[in-house]
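**Student:** Compute the structure for the input listed below.
(one chain, ligands or ions: 1)
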Amino acid sequence: MWLKDLRKRVAYLQGLMEGMQLGDTKEGRVLTEVVGVLNDVADTLVELGDNQADLESYVESIDEDLNDLEDEILEGTDETEEYVEVECPECHDTVCFDADILEDDDVIEVTCPNCDTVVFVNDQDFELVEEPDTLVAAPDDDL
Ligand SMILES: [Zn+2]
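**Tutor:** Presented below is the predicted three-dimensional model:
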């Protein structure tokens, strides 16, 4: 990787400079400063490169989680068909209730939230357009 190469070259430059024995001359001080700056820049770049690699793998894992979540939500929308809509005979409001009530052994009365009229009792014959699917918990080991 070029970043590690950069560190080596800065170290090489440092070595060359020391070999020149410039001592406490103006040129020596300038070169020392320049090489010092290069060294810091190289360190910072290597650090940034590491951080970016971490960030990339983090984003990848978020992306995977997001896909899983998306799948779950899409599966979930298929299951939202499990409710029944009836129209209230009194106020003509649409009343929704859980389709599970249809299969419940106890007698359950569904009342209109608007006017409290009983809109459905599950001991009566009630024609269902669609048989509700059985709820299956989606196994997902990733989450
Ligand atoms: Zn009503």
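**Student:** Please count neighbours and contacts with C-alpha atoms only from this point.
**Tutor:** Fine.
**Student:** where in the protein is pLDDT low?
**Tutor:** 1-3, 76-81, 124-143 (pLDDT under 70).
**Student:** for it, which residue is closest to the average position?
**Tutor:** With distances taken as CA atoms, centre = their mean, the chain has residue 66 as the residue nearest its mean C-alpha position (3.9 Å).
**Student:** which ones are touching it?
**Tutor:** Counting by CA atoms under 8 Å, 6 or more residues apart in numbering, residue 66 makes contact with nothing.
**Student:** Beyond the one helix or strand it maps to, next helix or strand please.
**Tutor:** Using DSSP states H and E, residue 66 maps to helix 26-79. Next helix or strand after helix 26-79 toward the C-terminus (DSSP H and E): strand 83-87.
**Student:** chain center to that following strand: distance?
**Tutor:** Offset of strand 83-87 from its chain centre (CA atoms, centre = their mean, to the nearest Å): 34 Å.
**Student:** which strands and helices sit next to the helix or strand following it?
**Tutor:** Per DSSP H and E, strand 83-87 leads on to strand 94-98 as the next helix or strand towards the C-terminus. Applying 3 or more CA pairs under 8 Å, 6 or more residues apart in numbering; DSSP states H and E, we find strand 94-98 packed against strand 83-87.
**Student:** Return the residues of the chain in contact with the ion.
**Tutor:** Taking CA under 5 Å from the ion, the part of the chain that reaches the ion is made up of 88, 90-91, 112, 114-115.
**Student:** If you rank those by neighbours, which is first?
**Tutor:** Of all these, the highest neighbour tally under other CA atoms under 10 Å goes to residue 112, namely 22 neighbours.
**Student:** hang on, that one packs against residue 88?
**Tutor:** Yes - if you go by CA atoms under 8 Å, residue 112 and residue 88 touch, sitting 6.4 Å apart.
**Student:** what do the two both touch?
**Tutor:** Common neighbours of residue 112 and residue 88 (CA under 8 Å, 6+ apart) are 95, 119.
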